[in-house]
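Enquirer: sharing a model that was predicted from the sequence below.
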Amino acid sequence: MSKALAFINDKRVRDWFYQAAVLIGLVGLLVYFIRNASENMVKAGIASGFDFLWRTSGIDVPFVLTSYTQSDNILALFWAGVANTLFVTAVSLVLATLLGFAIGIARLSSIWLVSALAGAYVEFVRNIPLLFFVLFWYFGVIAALPSPRDSISVFGVAFINNRGLTIPLPDAPANFHWAFGAILVAFVAQWLFARWAKRRKEATGQDAPLLVVSLILLVLVPVLALSWASLATRWDIPVLRGFNYRGGFVVIPEFVALLAALVTYTAGFIAEIVRGGIQSVPHGQIEASAALGLRPAQTLRLVTIPQALRVMTPPMTNQYLNVLKNSSFGAAIAYPDVVSLFMGSALNNTGQAIEIIAMTLAVYLVIGLAVSAFMNWYNAKIALVTR
Amino acid sequence: MKTIYLAGAILAGSASMALAQQLAPSPTLDAVKARGHIECGVHLGLPGFSFANDKGEWTGLDVDYCKALAAAVLGDATKVKFTPTSVQQRWPILQSGQVDLLSRNSTITFSRNATLGLNFQGINFYEGQTFIVRKKANAKTAADLDGASICVAAGSTEEKNAADWFRERNLKVTITNFQKNDDAITAYDSGRCDAYTAGVGALAGQRAKLKVPDEHVILTQPISNDPQGPVTRWGDERWQLIVRWVLNGTIAAEMLGVTSKNVDEMKANSKNTEVRRLLGAEGGFGAMMGLPDDWMYKVIKQVGNYGESYERTVGMGSALKLERGQNQLWTKGGLLFTPPFQ
């Protein structure tokens, strides 16, 4: 073989060549699919492209966290749906984690009844489809709540009925912006103080009054700030007129049902991850900490949990991603998430299935990758540092 | 010289014969004939329009239209396979060619016609959107629904109509969008909403699905016009022609007084040229579309004219008991009209 062609014997060159060939093939295939689809659509007289996003949506959404109104465009409807998806996912994640930890630890309890109940819960939840949970909570929630005329009143300012939980809204939110600003400052101050206290303890062995400072900064400051803001603001208190309460903000039963379903369902899986994580810590560690004189609560907090977290993080990431994806079950009960609003209402109004499905897919992909990235960062942070 | 004339005559004759038999290609019609049945997309279950009984037999006004089409194309009204479609599925299922047509209680709108690659082939039901409410709510018109929660099927014309109608009048309602009509009705029935909105005809049929139908009342004043009829894809003009004129034919038959009972007698004895052309006694109209000349005769014989179908499915002969109203012939004060069979 001549020298000019000798590079084909280079393994690196060949590896690059094969990878490039596969990549070009994949991209080519994708381009072919897209061109083929758009050509066929033009032939069939079906509109394509993203112009529809700027058309007026005309769809009324019962639960909006953005500034969307019916006369905005379809892109605004899309963002309203994304916001609702993110909101229900975020709240579910927090609550499911708390409930899951509680059940997982309960399952390891030495009290037979507690561990049996927790075990029964996990087995029950893991063997039932999520759709059943969603529908069960939805019709359960609606059936359990009274009609607007017989609403349950909470101190005469908030009202619970089968149209949802109506809560008062501040007429002018400026005071609340100040209050939230103050709370944020207090939280940052607490974090800085805790860091300083830890450093000082490591350096000098002196204890700082961490508990008192934390109570002031994390509890007293928020309570005072929010009380001041609430009292200094005029409130839009809901009043019963005609069919339902007017004014205020309505937390719709669809949200409550979906949240309850996601939390109770996911908690079952998280409980198993927590149990597995804790049991993965070798028993010798616990015996050693007992021998060192640590109390059981200290053992759990200082020895068991930090080591269990390392095992738990990767499967927890999976569960968190599942919550995000499972939030699309809201479409089954008219929770206005991105699937229901964008892939349901908007798709039917515009008929642009390919564009809309691609955009919805991108939403889940982007949020999912962001959650993954955060969990990977967290995983790296808590990983065992070998010195 | 004579031979030249003869040759010319033969040429002209064969040319004219070739021209007479030359029809635009119709892949849909060819596929239907090869398959032996029509694939018709219908509603998931709407009593009076398309509803399958416990034996799986479909009945209804929209179903009758598909049967009429099968009688015209295949000579047998039973040769239809019904595909139930949800609000979301209906357009893709037609666009992708899984069904030959939709006869599915779907409103004809400009944007659907212009952007979905669909053609609407006439009107077999003039629908008007209204609301069903509980009697004890004491609402007489849609304007009384200020402040109400309203359940609706997502992506339907009703969803937007209702939102627009209340906004234009500065009335505040909460509209909750469900993916399926049935989910919206169940939610309304369980107390989630004060009202459920759909067309007058659809509501008359769906009312029976409620736990206690007598506790509910349908508001009589419609807030919109929602004309509905069979839908086809763009392309294949000859198939569109057949779909359009079978519908026109059932209306024309009612105009001309041809019914399933007198159709044999009318075909044999009628002096009216339009009746004779409709039933294939003269004119050769069927052949112009690539169908047998007795296409409409088979339709009327097996399914009946529009009026017969209406009374049987949604009219006085049915559980819905809907008046003819706008769906009466134009000569009797309604809106039904067909261009002449000429």
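Expert: Alright, I've got the coordinates.
Enquirer: where does pLDDT dip in the chain?
Expert: Unless you meant another one, I'm taking chain A. Within chain A, the ranges that satisfy pLDDT under 70 run A:1-2, A:385-387.
Enquirer: should've been chain B
Expert: Applying pLDDT under 70 to chain B flags residues B:1-21.
Enquirer: how's chain B carved up into domains?
Expert: Per automatic domain parsing, the structural domains of chain B span B:27-126+B:228-332, B:129-224.
Enquirer: in CSV, list those domains along with mean neighbour count and distance to A:I152.
Expert: For glycine as for every other residue, the C-beta is placed from the backbone atoms N, C-alpha and C. Listed next are these as CSV, based on neighbours: other CB atoms under 10 Å in any protein chain shown; distance: least, CB to CB, whole Å:
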stretch, mean neighbour count, distance to A:I152
domain B:27-126+B:228-332, 20, 35
domain B:129-224, 20, 15
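Enquirer: how about the residue of chain B found nearest chain A, secondary structure?
Expert: Using CB to the nearest CB, the single residue of chain B nearest to chain A is B:G155, 2.3 Å away. Secondary structure for B:G155, judged by DSSP: H, G, I helix; E, B strand; the rest coil, is coil.
Enquirer: my guess is it meets A:T350, correct?
Expert: No - if you go by CB atoms under 8 Å, B:G155 and A:T350 don't touch, sitting 9.6 Å apart.
Enquirer: how many residues are close by the spatially closest residue to A:L341 that is not a sequence neighbour?
Expert: Spatially, and ignoring its direct neighbours in sequence, A:L341 is nearest to A:G81 (3.8 Å; CB to CB, 6 or more residues apart in numbering or on different chains). Close neighbours of A:G81, defined as other CB atoms under 10 Å in any protein chain shown, add up to 27.
Enquirer: how much space between A:G81 and chain B?
Expert: According to CB to the nearest CB, to the nearest Å, A:G81 and chain B sit 11 Å apart.
Enquirer: need the strands for the stretch 101-250 of chain A, in chain order.
Expert: With strands called from DSSP state E, counting those that start in this stretch, the stretch 101-250 of chain A shows them at A:152-154, A:158-161, A:164-167, A:169-170, A:235-236, A:239-241, A:244-246, A:249-251.
Enquirer: for A:D337, find the nearest of the domains of chain B.
Expert: Set against A:D337 and scored by CB to CB, those come closest in domain B:129-224, at 11.4 Å.
Enquirer: quick revisit: which of the domains of chain B sits closest to A:Y68?
Expert: Using CB to CB, these put domain B:129-224 closest to A:Y68, at 12.6 Å.
Enquirer: quickly list what A:T166 is bridged to.
Expert: Note on A:T166: beta-bridge partners by DSSP bridges are A:F159, A:V250.
Enquirer: then the one 4 residues further on?
Expert: Beta-bridge pairing for A:P170 (DSSP bridges): A:W235.
Enquirer: would you turn the domains of chain B into JSON lines with distance to A:L65?
Expert: Shown next, in JSON lines, are the domains of chain B (distance: least, CB to CB, whole Å):
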{"stretch": "domain B:27-126+B:228-332", "distance to A:L65": "25"}
{"stretch": "domain B:129-224", "distance to A:L65": "16"}
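Enquirer: and of these, who's closest to A:G156?
Expert: Counting by CB to CB, A:G156 lies closest to domain B:129-224 out of the domains of chain B; the figure is 19.7 Å.
Enquirer: pull up the distance across that closest one, start to finish.
Expert: 5 Å (CA to CA, to the nearest Å).
Enquirer: tell me how far it is from the chain's mean position?
Expert: Put simply, domain B:129-224 sits 23 Å off its chain's centre (CA atoms, centre = their mean, to the nearest Å).
Enquirer: now the helices for the chain?
Expert: By default, I'm working from chain A. For chain A, the helices defined by DSSP state H occupy A:11-44, A:74-107, A:112-126, A:130-144, A:174-204, A:210-215, A:221-232, A:253-279, A:283-291, A:296-298, A:305-326, A:338, A:347-350, A:353-382.
Enquirer: my bad, chain B
Expert: Using DSSP H, helices in chain B cover B:2-21, B:27-35, B:61-74, B:90-95, B:110-115, B:157-168, B:181-189, B:200-206, B:237-255, B:263-269, B:273-278, B:285-289, B:295-302, B:306-313.
Enquirer: of the domains of chain B, which is nearest A:Q19?
Expert: domain B:27-126+B:228-332 (36.1 Å).
Enquirer: who are the contact partners of the closest residue to chain B within the stretch 251-387 of chain A?
Expert: With CB to the nearest CB, the shortest gap between the stretch 251-387 of chain A and chain B falls at A:N348, namely 2.3 Å. When contacts are counted by CB atoms under 8 Å, 6 or more residues apart in numbering or on different chains, A:N348 touches B:87-88, B:91, B:154-156.
Enquirer: go with 10 Å
Expert: A:N348 is in contact with A:59, A:356, B:86-88, B:90-91, B:112, B:153-157, B:159-160, B:177, B:179, counting by CB atoms under 10 Å, 6 or more residues apart in numbering or on different chains.
Enquirer: A:I357 too?
Expert: A:342-343, A:347.
Enquirer: can I have the buried ones of those as a PyMOL selection?
Expert: To isolate the buried members of these in PyMOL, using 16 or more other CB atoms under 10 Å in any protein chain shown:
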select buried, chain A and resi 342+343+347
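Enquirer: now, among the contacts of A:I357, which is nearest to B:I108?
Expert: Using CB to CB, the contacts of A:I357 come closest to B:I108 at A:L347, 19.2 Å.
Enquirer: I figured the closest one hits B:Q89, correct?
Expert: No - look at A:L347 against B:Q89 with CB atoms under 10 Å: they stay out of range, at 11.0 Å.
Enquirer: now check stretch A:47-64, is it near chain B?
Expert: Yes - Stretch A:47-64 lies within reach of chain B by CB under 10 Å from any CB of the partner chain, at A:47-48, A:51-52, A:55-63.
Enquirer: residue contacts, the residue lying closest to B:W234 once chain neighbours are set aside?
Expert: Nearest residue to B:W234 in three dimensions, chain neighbours excluded: A:G45, at 3.8 Å (CB to CB, 6+ apart). Taking CB under 10 Å, 6+ apart as the criterion, A:G45 is in contact with B:95, B:113-119, B:233-235.
Enquirer: I'd like the residues you listed laid out as JSON lines, including distance to B:V63.
Expert: Listed next are the contacts of A:G45 as JSON lines, based on distance: CB to CB, whole Å:
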{"residue": "B:Q95", "distance to B:V63": "22"}
{"residue": "B:N113", "distance to B:V63": "24"}
{"residue": "B:A114", "distance to B:V63": "28"}
{"residue": "B:T115", "distance to B:V63": "28"}
{"residue": "B:L116", "distance to B:V63": "23"}
{"residue": "B:G117", "distance to B:V63": "25"}
{"residue": "B:L118", "distance to B:V63": "20"}
{"residue": "B:N119", "distance to B:V63": "21"}
{"residue": "B:R233", "distance to B:V63": "20"}
{"residue": "B:W234", "distance to B:V63": "25"}
{"residue": "B:G235", "distance to B:V63": "25"}
